[in-house]
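Engineer: Below are the sequence and a predicted model for it; my questions follow.
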Amino acid sequence: MKCALVVEDMPESQEMLREVAQAAFPGVVVHGAADVASALQLLGQHLFDLALVDLALPDGCGTAVIQALAQRHPGCTIVVASLFGDDEHLFPALRAGAQGYLLKDQDFDQLLAQLRGIGAGTPPLSPAVARRLLAHFRQVPEAPAQGDVLTPREREVLVQLSRGISIAKIAAELGISRHTVGDHVKNLYRKLNISSRAQAALQARSMGLLAE
């Protein structure tokens, strides 16, 4: 690490983060900014290898700095340094381009160890943040395959529809009313996010319901 950026509006916290960065990477030159505007200005003046960015800044959110860093300095390791570890702060920061997330209320040695891990390829994450991430992904159910969201009858209608058969003929072949066939068509269009017979044929083929 040759050059680092610390974006923090509290002077004591900025100095602490500066010291942690210098201890983790001896010889690194650290530039400080207390708000979004001054941080963005520094991006045009220096090439940063590391950035420690607070999220709650006087003139906006630190995610604006994170996004700009990710675009202009793709080789920079961007780490959030915040007091907030909730989903509302964590996930927008990660989506913006942050590669790590540290809670500033940890002691100096913990922060130091987490930053030093960057050199070994370890994402700098506070333990509480890592647990939050694991809990979040445990709660997300696996998305069903598209074919699994359709009922057996809807799959039958999809095949007939894909072959260009009219609603009336589908109803006659399946022994149901045209109104019921129409309901099935609306349901499968909604579930598969399609709006035409051509799209229906493509979906049916991708689901293995039609011969190539």
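Structural biologist: Sure, I can see it. Numbers count the residues shown, from 1 in each chain.

Engineer: Which parts of the chain are helices?
Structural biologist: Under the criterion DSSP state H, helices of the chain are mapped to 11-24, 36-43, 63-72, 87-96, 108-116, 127-139, 152-162, 167-174, 178-192, 197-206.

Engineer: closest to Leu55 out of those helices?
Structural biologist: helix 87-96 (5.6 Å; C-beta to C-beta). C-betas here are computed from N, CA, C, even on glycine.

Engineer: any idea of the mean pLDDT in the closest one?
Structural biologist: For helix 87-96, mean pLDDT rounds to 90.

Engineer: now it, how far from the chain's geometric center?
Structural biologist: When distances are taken as C-alpha atoms, centre = their mean, to the nearest Å, helix 87-96 is centred 8 Å away from the chain's centroid.

Engineer: So which elements touch it?
Structural biologist: Counting contacts by 3 or more C-beta pairs under 8 Å, 6 or more residues apart in numbering; DSSP states H and E, helix 87-96 packs against helix 63-72, strand 77-82, strand 100-103, helix 127-139.

Engineer: And the contacts of the second one?
Structural biologist: In this structure, residues lying in contact with strand 77-82 by C-beta atoms under 8 Å, 6 or more residues apart in numbering are 6, 8, 13, 17, 49-56, 62, 66, 69-70, 89, 93, 97-104, 115, 118, 124.

Engineer: Among these, the buried ones, what's the ChimeraX command?
Structural biologist: To isolate the buried members of those in ChimeraX, using 16 or more other C-beta atoms under 10 Å:
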select :6,8,13,17,49,50,51,52,53,54,55,62,66,69,70,89,93,97,98,99,100,101,102,103,104,115,118,124
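
Engineer: that older thread, same list (the helices of the chain) but as CSV, adding distance to Val30.
Structural biologist: Below are the helices of the chain laid out as CSV (distance: least, C-beta to C-beta, whole Å):
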stretch, distance to Val30
helix 11-24, 5
helix 36-43, 11
helix 63-72, 15
helix 87-96, 21
helix 108-116, 12
helix 127-139, 23
helix 152-162, 60
helix 167-174, 70
helix 178-192, 53
helix 197-206, 53
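
Engineer: So which of those helices is nearest Lys2?
Structural biologist: Across the helices of the chain (criterion: C-beta to C-beta), the nearest stretch is helix 11-24, sitting at 11.6 Å.

Engineer: Could I get the average pLDDT for that closest one?
Structural biologist: When pLDDT is averaged along helix 11-24, the result is 96.

Engineer: residues making contact with that helix?
Structural biologist: Under C-beta under 8 Å, 6+ apart, the answer for helix 11-24 is 1, 4, 6, 8, 28, 30, 32, 34, 50, 52, 54, 81, 104, 108, 111-112, 115-116, 118.
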